[in-house]
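Student: the following comprises the amino acid sequence and a computationally predicted model.
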Amino acid sequence: MRKRLLMILLALTLAFGGCGAQTGNGGNKMSTEAVNETEAKAPDVGEGEAFVPENPDAMPVDDDILEVNTDYEAVITKEWYGDLLQRAQLQLGNNKRLKKVIERARSGEKITFATIGGSITEGAGAAKYKECYAYQSYDKFKKTFCEGFEDNVLFANAGVGGTPSVFGDMRYGRDIVERVDEQDSDGLPDIVIIEFAVNDYQEPTVHKCYESMVKDILSAPNEPVVILLFAVFPSKFTLQNELRPIGKRYDLMMVSISDSCMPVIGDGKASKWTEKEFFFDIYHPTTLGHAVMSDCIISTMKAAFEAEESADDIDLTVEPVFGLDYCGIQSIFRRDAEQGKKFSVGGFSENDGGCYSNLPLGQLYADNFHHTAQSGNKPMKFTLTCKNMLIAYRAVNNNTYGSIDILMDGKVVKTIQGNTGSWGQSVADVVFSEDTAKKHTFEIRMAEGDEDKKFTITCLSYTPE
């Protein structure tokens, strides 16, 4: 109950002062800086191949993974490794909040170190979960900055494979805020690392959800630290150049794995590791790669902490880079429909138990709206005052799954196919987006001819004003 009240208070804070400077769908001012710096090539995958970070059925197990290079302890003392860590420091950013958070932990207050992202944050490629970059960064942070007070640093990881920042924004309140340990008295994360640079290719909001999530987190009353982490594939694909302007605009700490590590990976004269030593597959780092990523993060944090304190806090009144259309986002999971809201689930009344599990979160997408072959075609119905709507659904490779029609005010505005040939990850899409909030009536039903097929809605999200 305490966490639910905190979520309501946080939502009110964001609604009444968190996001400012926005003009609605397509109306947000995009800076010249963003236009000039946001070109990115598609990932280097075969034509027609699905672009997803991994298939959980092929997730690495201990025997498949190259363990940390036996020379790792010696390597971290080398001059070239120090140069690598220096290159990782894309921007130290405003350090006022970082110094305050560390001082709070050292003075006896409980703080929460949180990470949200895709499968790399989930831990894919590492031999053991505690060897993934997210956990190692948390562990190294408390040992580096809070020696003697390590127990004051708590951890929450919300990495989910195959999902972009859109879904991250939709689930942030549930997967991060609600999972902050009760020992943390304000119930909010104090340091948040965001990692979606290899997941956000062609995501449907064109980085507006990413920027909105950044702004919402920064606007929380406990004034948290936000760190942008830019991962990279062995093909050198990363959206670092597209997302970097957001970090510049809000003066955030930014860590580059591409700039730091890629110059020493490969078969060249300057190489220190082969691609197979650093990358487990075409997407994920090995245990060694995860260890180096965590060193890059801690090194950047250390440089920021040791720098002269910023005179003022982060300026949250600056114009957005891409847009803040999704600031103050509200999400609807199955539990919300079951708690007395004016919401009829119709034929989407079951729970899809086929969702996979991971170590950070347990069973993913379990709190869902599932239509079975026996559910009939009674539509889901609800009325909301909103200016946009997002839907997350389970994309599968299964011909027993069909399509849905989404109606707004009696007209079909979106048709979505659930049988996409994918492995079951939660895909997010925009249902509609307008400049101002209006009262709308929605219906979601199986498309004509697919009444006897399955479909799983993971989550619905909207911005109320």
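Tutor: Cool, the structure landed.
Student: okay, CA-based contacts and neighbour counts for the rest of this
Tutor: OK.
Student: okay, the closest residue to Leu324 other than its chain neighbours and Ala270: tell me how far apart.
Tutor: Once flanking residues are discounted, Leu324 sits nearest to Ser212: 4.8 Å by C-alpha to C-alpha, 6 or more residues apart in numbering. Distance from Ser212 to Ala270, counting by C-alpha to C-alpha, to the nearest Å: 40 Å.
Student: of those two, who's got more company?
Tutor: Applying other C-alpha atoms under 10 Å to Ser212 and Ala270 shows that Ser212 carries more neighbours, namely 24 against 11.
Student: secondary structure element for the more buried one?
Tutor: Using DSSP states H and E, Ser212 sits in helix 208-218.
Student: quick check: next helix or strand after that helix?
Tutor: strand 225-230.
Student: just checking, what packs against the helix or strand just after that following strand?
Tutor: Using DSSP H and E, the next helix or strand after strand 225-230 towards the C-terminus is helix 240-249. For helix 240-249, the packing partners by 3 or more C-alpha pairs under 8 Å, 6 or more residues apart in numbering; DSSP states H and E come out as helix 32-37, strand 253-256.
Student: ok, now with 6 Å
Tutor: Where contact means 3 or more C-alpha pairs under 6 Å, 6 or more residues apart in numbering; DSSP states H and E, helix 240-249 is packed against helix 32-37.
Student: list the buried residues in stretch 426-441.
Tutor: For stretch 426-441, a neighbour-count test (16 or more other C-alpha atoms under 10 Å) marks 426-437 as buried.
Student: touching the one helix or strand Leu460 maps to from outside, list them.
Tutor: Using DSSP H and E, Leu460 maps to strand 455-463. Outside strand 455-463, the residues within contact range by C-alpha atoms under 6 Å, 6 or more residues apart in numbering are 326, 329-333, 365, 368-371, 386-394, 401.
Student: among those, which ones are in strands?
Tutor: Per DSSP state E, strands hold the following members of the contacts of strand 455-463: 330-332, 369-371, 386-394.
Student: farthest pair in the buried residues of stretch 426-441?
Tutor: Using C-alpha to C-alpha, the buried residues of stretch 426-441 span at most 27.7 Å, a distance reached by Ser426 and Thr436.
Student: helix/strand/coil for the nearest residue to Ser375 once chain neighbours are set aside?
Tutor: The shortest distance from Ser375 to any non-neighbouring residue, by C-alpha to C-alpha, 6+ apart, is to Gly347 (5.0 Å). Under DSSP: H, G, I helix; E, B strand; the rest coil, Gly347 falls in the coil class.
Student: what number of residues lie near Gly347?
Tutor: Here the number of neighbours of Gly347 (other C-alpha under 10 Å) works out to 22.
Student: looks like it contacts Gln374 (just checking).
Tutor: No: using C-alpha atoms under 6 Å, Gly347 makes no contact with Gln374, being 8.8 Å away.
Student: burial of Gly266, as a residue count?
Tutor: For Gly266, the neighbour count with other C-alpha under 10 Å is 17.
Student: check Tyr133 too.
Tutor: For Tyr133, the count of nearby residues is 29 (other C-alpha under 10 Å).
Student: phi, psi of it?
Tutor: phi -60, psi -40 (degrees, to the nearest 10).
Student: how much space between the nearest residue to Asp200 once chain neighbours are set aside and Val430?
Tutor: Leaving aside its sequence neighbours, Asp200 sits nearest to Pro164 (C-alpha to C-alpha, 6+ apart; 5.1 Å). Distance of Pro164 to Val430, given as C-alpha to C-alpha: 13 Å.
Student: ditto for Tyr250
Tutor: 26 Å.
Student: domain parsing for the protein?
Tutor: 2-16+23-41+50-306, 330-463 (automatic domain parsing).
Student: who wins for proximity to Pro320 among those?
Tutor: Shortest distance between Pro320 and those, using C-alpha to C-alpha, is found for domain 2-16+23-41+50-306: 6.6 Å.
Student: rewinding a little: direction included, what does the strand holding Leu460 pair up with?
Tutor: When sheet partners are counted by DSSP bridges, strand 455-463 sits next to strand 330-332 (antiparallel), strand 369-371 (antiparallel), strand 380-394 (antiparallel).
Student: out of these, flag the one nearest Glu122.
Tutor: Among these, strand 380-394 comes nearest to Glu122, with 18.2 Å by C-alpha to C-alpha.
Student: rewinding a little: from memory the residue nearest to Asp200 sits against Ala197, does it?
Tutor: No: look at Pro164 against Ala197 with C-alpha under 6 Å: they stay out of range, at 8.9 Å.
Student: more crowded one of those two?
Tutor: Neighbour tally, Pro164 and Ala197, criterion other C-alpha under 10 Å: the higher count belongs to Pro164, 28 against 25.
Student: how far away is Leu361 from Tyr72?
Tutor: 30 Å.
Student: out of these two, which sits in the more crowded spot?
Tutor: Applying other C-alpha under 10 Å to Leu361 and Tyr72 shows that Leu361 carries more neighbours, namely 17 against 12.
Student: got a list of what the spatially closest residue to that one that is not a sequence neighbour touches?
Tutor: Nearest residue to Leu361 in three dimensions, chain neighbours excluded: Ala158, at 6.5 Å (C-alpha to C-alpha, 6+ apart). Residues near Ala158 by C-alpha under 6 Å, 6+ apart: 115-116, 175.
Student: next helix or strand past the helix or strand harbouring Ala158?
Tutor: Using DSSP H and E, Ala158 sits in strand 153-159. Where DSSP H and E defines the elements, the next helix or strand beyond strand 153-159 is helix 165-175.
Student: pLDDT averaged over that following helix - what is it?
Tutor: Across helix 165-175, pLDDT averages out at 95.
Student: what's that helix packed up against?
Tutor: When contacts are defined as 3+ C-alpha pairs under 6 Å, 6+ apart, helix 165-175 packs onto helix 208-218.
Student: got a list of contacts for the helix it packs on?
Tutor: The contact list for helix 208-218, computed with C-alpha under 6 Å, 6+ apart, reads 165-166, 169, 322-324, 326-327.
Student: what about the strands in the stretch 51-200 of the chain?
Tutor: Using DSSP state E, counting those that start in this stretch, the strands of the stretch 51-200 of the chain run over residues 89-91, 111-117, 153-159, 191-195.
Student: nearest to Cys355, out of those strands?
Tutor: Closest to Cys355 of the strands of the stretch 51-200 of the chain is strand 153-159 (C-alpha to C-alpha; 15.2 Å).
Student: what mean pLDDT does that closest one get?
Tutor: Mean per-residue pLDDT for strand 153-159: 95.
Student: that strand vs helix 165-175, what angle?
Tutor: Calculated by axes from the mean of the first three to the mean of the last three C-alpha atoms, to 10 degrees, strand 153-159 forms an angle of 140 degrees with helix 165-175.
Student: what angle do strand 153-159 and strand 111-117 make?
Tutor: Using the same axes, to 10 degrees: strand 153-159 against strand 111-117 is 10 degrees.
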